[in-house]
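Participant: Need coordinates for the below:
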Amino acid sequence: MSCIAVVPARRAEHTLAATLDALLEGNRDFIQRVIVVTSVGDPTVALARRWPEVEVVTAPSPISAGAARNLGRRAADSAELLLFVDADCVLERGGAAALAAELERRSAAAVAARVRRRGGGVVAWLRHALEFKEAEGRLAAPAAWLPPSTTMLCRAAAFDRAGGFPDLWPGEDLVFAHRLRSLGERIVLSDAVETHHVHPDGFGEMLAHQRRLGRTAAVARSLTGMQGVAFVHRPWLVPLLAPARVARAVLWFARSSAFELFVLLALLPLYAIGIAAWTVGFADGARALARSDRPLNGDC
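Facilitator: The predicted structure is shown next:
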């Protein structure tokens, strides 16, 4: 089956080289084309064009990750399989073919690679714990959990039936995965294939991203009616989400890793601040939705 990789990239000049090397060298035998989607004037354009075999698709202005993936899909019109890889992720050698084999074996519409943290210090650990602990695959995730699209192989036909990604970032993968499940399709986390995610440094940037993520989490629930939508309709209940998420994280690490539980407890005040930023963002999104008669786009 023909496979085309789509890499949405915005200001990815510090991470894109490793992403492309992993696709072009470590997975060359399975991927027919690699498409980088960015915007005119973004530094990523010049970097991506250093690889002659990479196709660069540019939007006239910066676009969300969801819109970038949809634009890449249109450029990959002949593909049977679409491999979406974020520009800060490094797929393991042979991972694309292994994901395709797993897609067939599990009769799935899409399969996401397990997400491992690549390098970094305290902030990188916190960001990974806040966003991707379930995606490491050490424990079975809750039934309602939806795999992230940091590195995801999807059947093109299923992508089209779901209508692609929403024009949203972050949180666009929540909506896309929910759409697939609502159609009766299977979307799963890989049994073994890993992608290595690079988290940017900076505690302030982490808090800003958590607030964006909380805001678009509210938008995603409003768009789909997925679990947690009751909090969108009752913003006064949103503060309850913060202690609930902290308690859930403690229980998760208690079951998965004694060492990481120790790290979490040592960093618990910082982790709680990150959760608080997400909760403030969720409340912002819920209030904005209550004032609006149409869905809100995320910060792209």
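
Participant: ok, which stretches of the stretch 101-250 of the chain are helices?
Facilitator: 122-131, 156-162, 172-182, 203-224, 229-233, 241-256 (DSSP state H, counting those that start in this stretch).

Participant: could I get those as CSV with mean pLDDT?
Facilitator: Written out in CSV, the entries for these read as follows (pLDDT from 0 to 100):
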stretch, mean pLDDT
helix 122-131, 96
helix 156-162, 98
helix 172-182, 96
helix 203-224, 96
helix 229-233, 93
helix 241-256, 96
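
Participant: can I get those in a markdown table with distance to Gly281?
Facilitator: In this view, the C-beta of every residue, glycine as well, is placed from N, C-alpha and C. Putting the helices of the stretch 101-250 of the chain into a markdown table (distance: least, CB to CB, whole Å) gives the following:
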| stretch | distance to Gly281 |
| --- | --- |
| helix 122-131 | 12 |
| helix 156-162 | 26 |
| helix 172-182 | 14 |
| helix 203-224 | 3 |
| helix 229-233 | 12 |
| helix 241-256 | 11 |
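
Participant: if we look at stretch 7-22, which residues are touching it?
Facilitator: Taking contacts as CB atoms under 8 Å, 6 or more residues apart in numbering, the residues outside stretch 7-22 that touch it are 23, 34-39, 42-44, 47-48, 51, 54, 62-63, 65, 68-69, 72, 84-93, 198.

Participant: close enough to count as contact, Arg127 and His199?
Facilitator: Yes. A contact is recorded between Arg127 and His199 when judged using CB atoms under 8 Å, the distance being 4.3 Å.

Participant: In helices, which of the contacts of stretch 7-22 fall?
Facilitator: Taking DSSP state H, the ones among those that sit in helices are 23, 43-44, 47-48, 65, 68-69, 72.

Participant: List only buried entries from those residues.
Facilitator: Neighbour-count burial within the ones in helices among the contacts of stretch 7-22 applies to 23, 44, 47-48, 65, 68-69, 72; the criterion is 16 or more other CB atoms under 10 Å.
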